[in-house]
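Peer 1: sequence unavailable; structure follows:
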């Protein structure tokens, strides 16, 4: 608890002090298994035992009940109230997190858009923000609460938060360091119910993305507790192998919310103590805006370790907008704000993907990739391009074996470095399109061309079928609300034909128990059905999924496999097919909107 006390004193800038009293251990009148289903009596017995020994809980602001075995969860904290329960394993992170709930803090999550974008329709990934104690990042005492959380608790007052209502340039100081001479965060209203928060952190010095970018979070503006108050971190590099480590918006790049007319660009550091960042915010809609043009050249694309290479970007903007620049050298080092930069790679023997991005800070941007060879690499590289009907595809996520990824530039070009000798499966993802994966052999294959095909809004079909492996997912570009009838024709080579719509996943031929139909997430979460999950491998089956506002039914080859009554009225998501440790081939997905009166 001494570490917890010190943590809260530091993150609150001294505004919160906790002094802990440690009573002796009390023996409860019932066993742990009994208390696991009798929570109210558990609390009454624990408080009575403490009071009988001279420790009256009513005389304390907070209370923590620590049990030597599970009695209804590993850790639970009352939201905006007194009461916290812990069971083994008990650690710093759990205490900080549950006390945060006592003080009135909701969970932090990372927003996961179904189409692979930053802010598209999607779902909250609770506990995925590893840099916030309310999001799963409580083990490291350098991880502060977000600026919004500190504002909720009164640790940051009006002078610490800038409410942005007009376009302009705003300076904020690192929210995780003391002694700031100005504001610590931005709050930008998105619409009548939601807002963005922008924060800058400098305490986690080994994370170059945090050190050279800002975190943008989205939440409800209503903090009454009557609506979902979860704070969602927006990941500026969705689906990258680094998780939320590289979630910050790097200096010189623009976050775009075209629908709401909000454009956020961190442009430079302030060179202050503590460090600060200047942020350009443009509000409004710019329908006639043109994207900038960009050309990048380098004095060399091969060098020895430590040898300087000069990069020169030539950019133009038809609208006369000021431009900003961002440089990523592929070795977790960055530069920004200027068209000409010099970089040295200290690591020997490797290929690196350097990227220049130029933005007009109003929604238009362009990027260019260059591959640079340092020394004599022992591993291999692969370059390629992605087009759709001859047009380059920008910002496509290209991955080798799911662990090595890069996004295409404005010319549809990509480069993957650090590939071992042997076969690699190359995949490409972008919302609304399908790109057939490619198998390549390194070092024999050095260049490939991939083609993207647009997907129909409510009908996706292929005579030969879409072949899914690993983390592949085939989704409709559109989202749907019940009542709908979904028809899927597909087969699995062995196991794990998985569907998502009214549940996060419905699994046929589950690898653990192939006869059980698994239903995870949604109103029917956990309502698995024994004997209803098996389908014949390597044979096409027709799955009909009927979802109304009050029920769902699943048929396989016209035979009912599953039904459940519940509230499905709030579902609004795409239909997806995916797999795990198997090969699934999808012939078609068809979604038919049914008359609204069907219940």
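Peer 2: Great, that's in hand. From a predicted model like this one, the values you see are computed outputs, not experimental measurements.
Peer 1: every contact and neighbour count from this point should use C-alpha atoms.
Peer 2: Fine.
Peer 1: can I see the domain layout of the chain?
Peer 2: Domain assignment of the chain by automatic domain parsing yields the ranges 2-103, 108-283, 293-454, 459-593.
Peer 1: TSV please, covering those and showing distance to residue 599 and mean neighbour count.
Peer 2: Shown next, in TSV, are these (distance: least, C-alpha to C-alpha, whole Å; neighbours: other C-alpha atoms under 10 Å):
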stretch	distance to residue 599	mean neighbour count
domain 2-103	35	16
domain 108-283	24	20
domain 293-454	30	18
domain 459-593	5	19
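Peer 1: OK, contacts around residue 451?
Peer 2: For residue 451, the contact set (C-alpha atoms under 8 Å, 6 or more residues apart in numbering) comprises 386-389, 435-436.
Peer 1: which strand residues bridge it?
Peer 2: Residue 451 has these beta-bridge partners by DSSP bridges: residue 387.
Peer 1: circling back to that earlier point, which two among the contacts of residue 451 are spaced furthest apart?
Peer 2: Based on C-alpha to C-alpha, the longest span within those runs between 389 and 436 and measures 14.4 Å.
Peer 1: columns mean pLDDT on top of the domains of the chain, output as CSV?
Peer 2: Compiled in CSV, these are given as follows (pLDDT from 0 to 100):
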stretch, mean pLDDT
domain 2-103, 89
domain 108-283, 95
domain 293-454, 96
domain 459-593, 97
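Peer 1: show the end-to-end separation of stretch 83-92, please.
Peer 2: 17 Å (C-alpha to C-alpha, to the nearest Å).
Peer 1: what sits up against it?
Peer 2: 1, 3-4, 62-71, 73-78, 94-95, 98-99, 102, 138-139.
Peer 1: just the residues you listed: which are in strands?
Peer 2: Under the assignment DSSP state E, those contribute 64-66, 75-77 to strands.
Peer 1: partner residues bridging residue 392?
Peer 2: With DSSP bridges as the rule, residue 392 is bridged to residue 387.
Peer 1: can you name the residues that contact it?
Peer 2: Contacts of residue 392 by C-alpha under 8 Å, 6+ apart are 385-386, 410-413.
Peer 1: could the residues you listed go into CSV alongside distance to residue 18 and secondary structure?
Peer 2: Output for these, formatted as CSV (distance: C-alpha to C-alpha, whole Å; DSSP: H, G, I helix; E, B strand; the rest coil):
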residue, distance to residue 18, secondary structure
385, 58, strand
386, 57, strand
410, 53, coil
411, 57, coil
412, 55, coil
413, 55, strand
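Peer 1: distance from the chain centre to the lengthiest helix in the chain, please.
Peer 2: When the chain is scanned for its longest helix (criterion: DSSP state H), the result is helix 39-52. Mean-position distance between helix 39-52 and its chain equals 41 Å (C-alpha atoms, centre = their mean, to the nearest Å).
Peer 1: identify all contacting residues around that helix.
Peer 2: By C-alpha under 8 Å, 6+ apart, helix 39-52 touches 23, 26-29, 35, 56-57, 65, 71-72.
Peer 1: so can I have JSON lines of the residues you listed showing distance to residue 179 and secondary structure?
Peer 2: Converted to JSON lines, the contacts of helix 39-52 look like this (distance: C-alpha to C-alpha, whole Å; three-state DSSP):
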{"residue": "23", "distance to residue 179": "37", "secondary structure": "coil"}
{"residue": "26", "distance to residue 179": "44", "secondary structure": "coil"}
{"residue": "27", "distance to residue 179": "47", "secondary structure": "coil"}
{"residue": "28", "distance to residue 179": "48", "secondary structure": "coil"}
{"residue": "29", "distance to residue 179": "51", "secondary structure": "coil"}
{"residue": "35", "distance to residue 179": "47", "secondary structure": "helix"}
{"residue": "56", "distance to residue 179": "39", "secondary structure": "coil"}
{"residue": "57", "distance to residue 179": "37", "secondary structure": "helix"}
{"residue": "65", "distance to residue 179": "36", "secondary structure": "strand"}
{"residue": "71", "distance to residue 179": "43", "secondary structure": "coil"}
{"residue": "72", "distance to residue 179": "43", "secondary structure": "coil"}
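Peer 1: and these, which two are the farthest apart?
Peer 2: 56 and 72 (23.6 Å).
Peer 1: which residues touch the residue nearest to residue 277 when sequence neighbours are not counted?
Peer 2: Ranked by C-alpha to C-alpha, 6 or more residues apart in numbering and with sequence neighbours excluded, the top spatial neighbour of residue 277 is residue 269, at 4.2 Å. With contacts taken as C-alpha under 8 Å, 6+ apart, residue 269 has the following neighbours: 275-278.
Peer 1: give me that answer again for 10 Å
Peer 2: The contact partners of residue 269, by C-alpha atoms under 10 Å, 6 or more residues apart in numbering, come to 171-173, 211-213, 251, 275-279, 336.
Peer 1: list phi and psi for it.
Peer 2: Backbone geometry at residue 269, expressed as degrees, to the nearest 10, gives phi -80, psi 160.
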